[in-house]
Each structure stands twice: as structure tokens, then as C-alpha cells.
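> Pasted the sequence and its predicted model underneath.
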Amino acid sequence: MKIILAGNPNVGKSVLFSRLTGARVIASNYPGTTVGFTKGRFSFLGVVAELADAPGTYSLNPTSKAEEVAVNLIKEADLIINVVDATNLERNLLFTLELLLKIKKPIIVVLNMWDETKHKGIEIDVDKLKEALKVEVVPTCGLTGEGVVELIHKIKNAKVPDFVLKGDTWSFVGETLRKVQKLHHRHHSFWDAIQELSIKPPWAWMIAFLVLFLSFEVIRFIGEGLINYIFDPFFTSFYSPFIMKLSHLIGEGNFIHSILIGDLAGGSIDYALAFGLLTTGIYVPLAMVLPYVFSFYLVLGFLEDLGYLPRLAILFDRIFHKIGLHGYSIVPMVLGLGCNVPGALSTRLFEERREKFIAATLLAVAVPCMAQTSMIIGILGRFGGQYVAVVFLILAIIWFVLGKILNRFLKGCSPEILLEIPPYRRPSVRALLKKMWIRLRGFFLDAFPFVLLGVLLVNILYYLKIIDFFAYLFSPIVKSLWGLPREAIGSLIVGFLRKDVAVGMLRPLNLNIRQLIVGSTVLSVYFPCVATFMVLLRELGLRDMVKSMLIMIITAIVTGATVNLVLSLLNIG
Amino acid sequence: MSIINLVELRASREAVVVNIVGGIGARRKLENLGVRIGSTIVKKSSTQGPVVINCGNTQIAIGRGLASKIIVKEL
């Protein structure tokens, strides 16, 4: 039996899904967290079924790719669990009615976030609602698991409802609400006050500034702390002696030694320089990237679950308008700062091809992922944090200027924001930890192998002298325009695979500050990593992807040269 | 009692939607969020950016262009 969880965005489908299947899916407090689908099996109380978690949709007429996914899944399913936000019955019932009228399949209505109705002074008569809709209605709370067992019990007996609509949809919804729902007066809470302030300038800007500043500081503090007090000491005290022993065992100078361990300078290990699988290949992802990925997702997870992202979207709406997007494009950009792959996926939330194209191109060009950022911090930050800031400033300028150019020359106009803003919710520690685990697991399973592959590739390219060949070929751009040594081409080649390894490869080249800034910028701009590329290819289609790639290459050549020139004139490096 | 559009409505005022002068697509998208002719809304913010309203228990941000197509009667 195929069961689907369907309903409006941000009603808690993903939380219920992981409750029912034990599968790990990311859930947050903003509409559009789920853009693809996850299927999971569950077998409980004699019910064996395949359950699908679908993106949220407001109707059966999809307006975006994400909604299309949901509607297709609904058509495939044998039974529909319609998840409804119990605190928002009126709007949610519209979709329920559409399901009841157009889809002749067994349906169970789930009144999720039941716990919140009590705080909000909403009283719903479940039996009367059952009677009105002619289907089973189960109140649940996804976070605590309340009502889930009852829901499973109902699955066996779910029938195709014999629902007949009298009058039009809205009058039915209105009448039903009058019968089943009672609203009690309640006092404004602390959250309500914050809610008001965080959309009203100037308070909203002050709050946003504070939130972004604190986020930045917390990410830096935790990231640096983990590196300096945990990972670096671990590597020096425990890992290095092991590697030294291994090095003696293999014997320096042979091929296996250079692949596994790499170059040991004067009997000591510089993990950033060695470029062996067991040295740099382990050190880069674990001790340079992971700490920042961890701290970034800690902060992001908190802001997501709190429900702050939609507020940020409202504030930044005007800026995004100038580049042909609307405020909600903040979602792909912020996700992209963690990893470009989920960022690229979330462009599915957009309706227009133009909007998707601009957002995807800007993401790939000017939004560095955390893996790349942490390496830039690691390598450029040694000379001072201000230089890292310079790279980010350059990327921000590229982002805005390129966006303006695309907006000017692409046909069509920018769509407008129309966004439901969820209430603030207190993030649950359990849910945060779970989400962190999903993301870190993704990092280990998807990123780690690529890092090792990248380091292996570096060795093979050098061994076969392929790097020399490309270095010679691209020397006019790399050397003359960007002012980098020819060998930097190796880093650009590896950059197709992994950005962190690519930035790491700048280190052995003994670059000056200007060259490091140019290199870090160009590496971010010229091409997304292969994982992001695959997603973008699927989401944009071949034609738009080719266009986007041309833009990336041109932008890389132009900005690399410009940055090189400007920094030279300023006598930096 | 004046008939104005949503952009012109002042913050923290309550109003009834009397018309939506947009295409069928815009109308339907608004309706999905509970905003339709006859809905009572409260405007929450009045800035240069999107208009934020409360409609029922839902808070919605609406771009200015779209908001100017929503005609309301202040209560």
C-alpha cells in the first residue's frame, strides 16, 4: 500500500513522516523545507505500507516544481493522509475539500500541531469535523508523537469518503468552521511581541543585524574553538605519531608513500602541504572543514526552526527585487552558504524559469559553500581576518552586479513575493540534534569520498604531468590576467570536484595575499562543484545550464583580472 | 469609509477585501492563502517592502505590486 502525507506547506508533514517511518528527513519552520520527496517503509500494528513525504502544496494545480512533485505523488498514492495545521483550519480546509472532491481515494485528515491550538485559544470539535467531512479525523502532535498510534489504527479502516459538497467551497468552509471551531480570547505573549517587532522597521533591521552578527560570531567562535582545542591537538598528539610510523614503514620516496602520505617536509607533517590521502585527505575534511560545517548548521538549524528565515525574506525583498528575484530567494542563498546542493534544489520553490535561472546562477557563482569558506579562513585567515572579509566583499559585489545585469538583459519581469510567515516556534533540542545528524551524515557520506577522490586526483595529475600540460595551455589567463602562477590551474581542475581541496591546493604554491584573494575568488566563481552541477543540470535543463556556465566562465575571467588589477594598484600583496 | 488598496491602508488597521484586480493566477494564489473577496484582514506593517497582513490565523507577506491590486474597505 502506498500512502502519502499531503497538505499545505509548513504544517509538519516531515516531522510526522520521521515519526511514522523513523526515516531521517529535514524538517524546519518555514514553508518549502521539503522540495523533493522521501519514501520510507513502515510496518506497525499490522499495517505495512510505503509512506511518501511530499512537498507542501496549496492546491492540486501546481505552480512550482515542488508542488508538481506533490501532486504527482498524490495521484500515485493508494491512501492520502491529509496533514492539516490545526491552528489554521480555515485555509487548510480548502485543500482538504479539493482532495475530497477531486481525488477519489481513501483519506484521513490529521489535525497536526494540536498542542498549539491550546496555547492559541482554539477549540476544535473533532467529532463534528469528522461528521462534516465524512472522513476520519485524528489530532496529532508531530513533535511529541501524540496521536500517531491512533492515526496508524485508522489507516486500516480508511474508506473512500462519500462526500458531497452543498453550495460553494467557501461557504462550506465558513459553515464548518462555525460548527466545529471556537476561538477564545488570549493574552499577547512574548513571542507575539517579537513577531510584531521583527517585521517592523527600524526594529526589524536592528533585530536582523543582531541576529546576523550573533550568527557570524557564534559560527566563528565554535568553529575556531573546535579546531584549536579539539581537532588540532588530536592530530598533533595522536594522529601524527601514527602517520610518522606508517611513513617509516612504507619508506619515503616510493609511489605508495606519495599517494598515501605525500611530502613530509624535514621529518614533520604539515597537513596542509603534504597532499597524501591519509594526511591532507583526512585533515582537510575533519580538522579544517567539519568544525565550521558543524557550527554553521548549528546556527542555521536554530534559525530555521525558530522561523526567522521568512522574516529575513521580507526585509531583503527590496534588494532581491533589484536583481530580478524576490525575498524568498534568501532560502537558496542561505542554504547554499552551507552546501550549494540543497541551495540548488530549493530553487524548485520558484515559479518562473527566469527566476530559477538567476537564482541558480548567482548561487553557483557567488555563494561559497561552508567547505570552501572554511578553507579560505584556514589559508587566507592566517594573514588576518580582514582578507577573508575582502573575498566575501568581492563575492557580494559580484552577486549584486551580476544579478543586476541578468535582470536587465533577461526577458520577463521579477515575480512578487507571496509568502506565508509561520509563527515563531521554540526550537526543540532533540529536533535540532536530529537535523544536525542528518546534515553531518550527508557531509561524511557525500563529501568525504569526494575529498579523498580529489586528493587522489591531484596526485595522479601531477604524476602523469597532466597539470603541466594544462598549466601551459591556460597560462595566458591564469598567469597574465589573474597574476597567479601557472601551477594554480591544478587547483582549478580539482575545483570541479571539491572546492575545499581546491582552495587547499593554493597553499603549497607560496602565494602572496593578493594571489590568494584572486585564487579564492576565482575558485568560487568559475564553476560549481560536480555535485551542484548535477543538481543544476537537472533543475535548469541543458540549455539553461550551458548559458549559466558561460556566464560563470566569463565572470571568472573578468573578475579575476579586475581583482588582480585593483589589488595591485592598491599595493596589496 | 473609503475604498483603497492594501498598500494605501495604514498599519494596524482592519479592513475587508472588496476586490482583487488581478489575473486568475494571482487571485487563486491569494485565495489559497485565505485572502479573497470578503476576507477580513489586519495590516501589520507599512514599509517600503512587502505588505504584511494577518488573515485569520495566517500571517502573509505580499509584494507591493500585488498588494496594490487588492482593494479593501477600511473598517
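Ah, there it is.
> How about the contacts made by the residue of chain B found nearest chain A?
Nearest to chain A in chain B, going by C-beta to the nearest C-beta, is residue B:63, at a distance of 2.8 Å. C-beta: built from backbone N, CA, C; applies to glycine. Contacts for residue B:63 (C-beta atoms under 8 Å, 6 or more residues apart in numbering or on different chains) come out as A:317, A:326, A:415, A:416, A:417, A:418, B:50, B:51.
> What sits closest to the second one if chain neighbours are left out?
For residue A:326, the nearest residue in space outside its immediate sequence neighbours is residue A:417; the separation is 4.1 Å by C-beta to C-beta, 6 or more residues apart in numbering or on different chains.
> For that neighbour, grab the count of nearby residues.
27 (other C-beta atoms under 10 Å in any protein chain shown).
> same thing with residue A:473?
Using other C-beta under 10 Å, residue A:473 has 12 other residues around it.
> confidence score at it?
We have a pLDDT of 92 for residue A:473.
> Same question for residue B:1.
Residue B:1 is given a pLDDT of 63.
> just checking, what packs against the helix or strand of chain B with the lowest mean pLDDT?
Sorted by mean pLDDT, DSSP states H and E, the helices and strands of chain B end with helix B:24-32, the least confident at a mean of 89. Secondary-structure packing of helix B:24-32 (3 or more C-beta pairs under 8 Å, 6 or more residues apart in numbering or on different chains; DSSP states H and E): helix A:89-102, strand B:14-20.
> need those in JSON lines with mean pLDDT, distance to residue A:406 and mean neighbour count, can you?
Output for the helices and strands packed on helix B:24-32, formatted as JSON lines (pLDDT from 0 to 100; distance: least, C-beta to C-beta, whole Å; neighbours: other C-beta atoms under 10 Å in any protein chain shown):
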{"stretch": "helix A:89-102", "mean pLDDT": "93", "distance to residue A:406": "35", "mean neighbour count": "21"}
{"stretch": "strand B:14-20", "mean pLDDT": "95", "distance to residue A:406": "31", "mean neighbour count": "17"}
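> The ones you listed into JSON lines, with extra columns for distance to residue A:153?
Shown next, in JSON lines, are the helices and strands packed on helix B:24-32 (distance: least, C-beta to C-beta, whole Å):
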{"stretch": "helix A:89-102", "distance to residue A:153": "21"}
{"stretch": "strand B:14-20", "distance to residue A:153": "42"}
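> Downstream of whichever strand or helix holds residue A:291, the next helix or strand is which one?
Following DSSP states H and E, one finds residue A:291 within helix A:290-306. For helix A:290-306, the succeeding helix or strand toward the C-terminus, using DSSP H and E, is helix A:309-315.
> Alpha carbons only: can I get the helix or strand that comes right after that following helix in CSV?
Counting by DSSP H and E, the element after helix A:309-315 in chain order, helix or strand, is helix A:317-322. C-alpha atoms of helix A:317-322 as CSV (Å, rounded to 0.1, in the frame of the first residue of the first chain):
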residue,chain,number,x,y,z
ASP,A,317,12.8,41.6,-0.5
ARG,A,318,13.7,45.1,-2.0
ILE,A,319,17.3,44.2,-2.5
PHE,A,320,16.4,40.9,-4.2
HIS,A,321,14.0,42.8,-6.4
LYS,A,322,16.8,44.8,-7.9
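> If you count contacts, what does the helix or strand following the least confident helix or strand of chain B end up packed against?
Using DSSP H and E, the helix or strand that follows helix B:24-32 in sequence is strand B:40-45. Judged by 3+ C-beta pairs under 8 Å, 6+ apart, the packing partners of strand B:40-45 are strand B:14-20, strand B:51-55.
> Neighbouring strands - and their directions - for strand B:40-45?
strand B:14-20 (antiparallel), strand B:51-55 (antiparallel) (DSSP bridges).
> Any idea which of these gets closest to residue A:77?
Set against residue A:77 and scored by C-beta to C-beta, these come closest in strand B:51-55, at 30.4 Å.
> who touches the residue nearest to residue A:326 in this structure?
Contacts of residue A:417 by C-beta under 8 Å, 6+ apart are A:313, A:314, A:317, A:326, A:327, A:328, B:50, B:61, B:62, B:63.
> Recalculate using a threshold of 6 Å.
Applying C-beta atoms under 6 Å, 6 or more residues apart in numbering or on different chains to residue A:417 gives the contacts A:317, A:326, A:327, A:328, B:50, B:61, B:63.
> Other residues contacting the least confident helix or strand of chain B?
Taking C-beta under 6 Å, 6+ apart as the rule, helix B:24-32 contacts A:58, A:59, A:418, B:20.
> Show me which of those is closest to residue B:70.
Closest to residue B:70 out of the contacts of helix B:24-32 is residue B:20 (5.5 Å), distances taken as C-beta to C-beta.
> quick one: the closest one from residue A:567, how far?
53 Å (C-beta to C-beta, to the nearest Å).
> before we move on, what about residue A:234?
37 Å.
> Looking at the two, which is more packed in?
residue A:567 (20 against 13).
> Find the nearest non-adjacent residue to the more buried one, please.
Per C-beta to C-beta, 6+ apart, closest to residue A:567 is residue A:514, 4.4 Å.
> Just to be sure, that neighbour is in a helix?
Yes. Assessed with DSSP: H, G, I helix; E, B strand; the rest coil, residue A:514 lies in a helix.
> tell me the contacts of residue A:416?
A:326, B:63, B:65, B:66.
> so where does the third one fall, helix or strand?
Element membership for residue B:65 (DSSP H and E) is helix B:64-67.
> I'd like the next helix or strand past that helix.
Trace forward from helix B:64-67 with DSSP H and E and the next one is strand B:70-74.
> Contacts for the helix or strand bottoming out on mean pLDDT in chain A next, please.
Here the helix or strand of chain A ranked lowest by mean pLDDT, DSSP H and E is helix A:190-197, holding a mean of 83. Residues outside helix A:190-197 that contact it (C-beta under 6 Å, 6+ apart): A:203, A:424.
> elements contacting the helix or strand following it?
The C-terminal neighbour of helix A:190-197 among helices and strands, as given by DSSP H and E, is helix A:203-226. For helix A:203-226, the contact count by 3 or more C-beta pairs under 6 Å, 6 or more residues apart in numbering or on different chains; DSSP states H and E identifies helix A:290-306 as packing neighbours.
> need the residues of chain A near chain B, please.
Residues of chain A lying close to chain B by C-beta under 6 Å from any C-beta of the partner chain are A:58-59, A:87-88, A:90-91, A:199-201, A:314, A:317-318, A:416-421.
> Now which of those would you call buried?
Those of the residues of chain A next to chain B that meet the buried threshold are A:58-59, A:87-88, A:90-91, A:199-201, A:314, A:317, A:416-421, by 16 or more other C-beta atoms under 10 Å in any protein chain shown.
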